[in-house]
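> could you work out the structure for the sequence below:
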Amino acid sequence: MLAATARGARGICEVRDAGLPVPLTDEGPTVHEVDLDDAVSRNSLARAIMTTATLEEAEAYSREICGFSEIDYERNKAAWLTERPPTKLDPDDVLSRLDQFQSEARTRGVTHTTFRHITEALNLSGSHRDALRQLLISSRPEQYATPLWRIPSDD
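Numbering: from 1, shown residues only. Sure thing, here's the model as predicted:
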């Protein structure tokens, strides 16, 4: 999304399986400088992992302090996606379901999304992401807002 906002994309980008909305604003590509000591003093997880030597230790602190580990979430999701039986990508079916997804996304005010989110929203295996990306870009190149996918307006 940093690259997209630097390229001028503006609106709302829907991401992840939960469809979290991320604003794409003029502020998006701005780099902010902060004092390291000040940043660490405000973040209990950062303070805790300063002494860790392994990823496992950092994960344990994340679970303890935050109540979860983002790595656990991604690990579980990857396992779930690989358990799904392999299927062949049907372009007509995919494009039809994409149209439905985009229509619903517009009602939520969404203007952009990621290819990962489309893959998940269409209930496709993660192994289909590259083929899906190529299908969408080749069939609707005007919607490719590198590196995001632009949801067309109702006009």
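
> point out where the chain drops to low pLDDT.
Residue ranges of the chain with pLDDT under 70: 81-82, 84-86, 155.

> tell me where it has helices.
2-6, 36-41, 44-49, 55-66, 70-83, 91-107, 115-121, 129-139 (DSSP state H).

> for Thr30, find the nearest of these.
helix 2-6 (8.9 Å; C-beta to C-beta). C-beta coordinates here come from the backbone N, C-alpha and C atoms, glycine included.

> and the contacts of that closest one?
13, 24-26, 28-29, 112, 145-148 (C-beta atoms under 8 Å, 6 or more residues apart in numbering).

> likewise for stretch 55-75?
44-45, 48-49, 52.

> same question, stretch 120-136
So stretch 120-136 is contacted by 16-17, 19, 78, 81-82, 84, 86-87, 89, 91, 94-95, 97-98, 101, 113, 115-116, 118-119, 143-144, 149 (C-beta under 8 Å, 6+ apart).

> show me what counts as buried in it.
Under the neighbour-count criterion of 16 or more other C-beta atoms under 10 Å, stretch 120-136 has 120-122, 124-125, 128-129, 132-133, 135-136 buried.

> picking that back up, which of the contacts of stretch 55-75 tops the neighbour count?
Ile49 (18 neighbours; other C-beta atoms under 10 Å).

> how near is the closest residue to that residue other than its chain neighbours to Ile65?
Of all residues not flanking Ile49 in the chain, Ala58 sits nearest, at 4.6 Å (C-beta to C-beta, 6 or more residues apart in numbering). Using C-beta to C-beta, to the nearest Å, Ala58 is found at 11 Å from Ile65.
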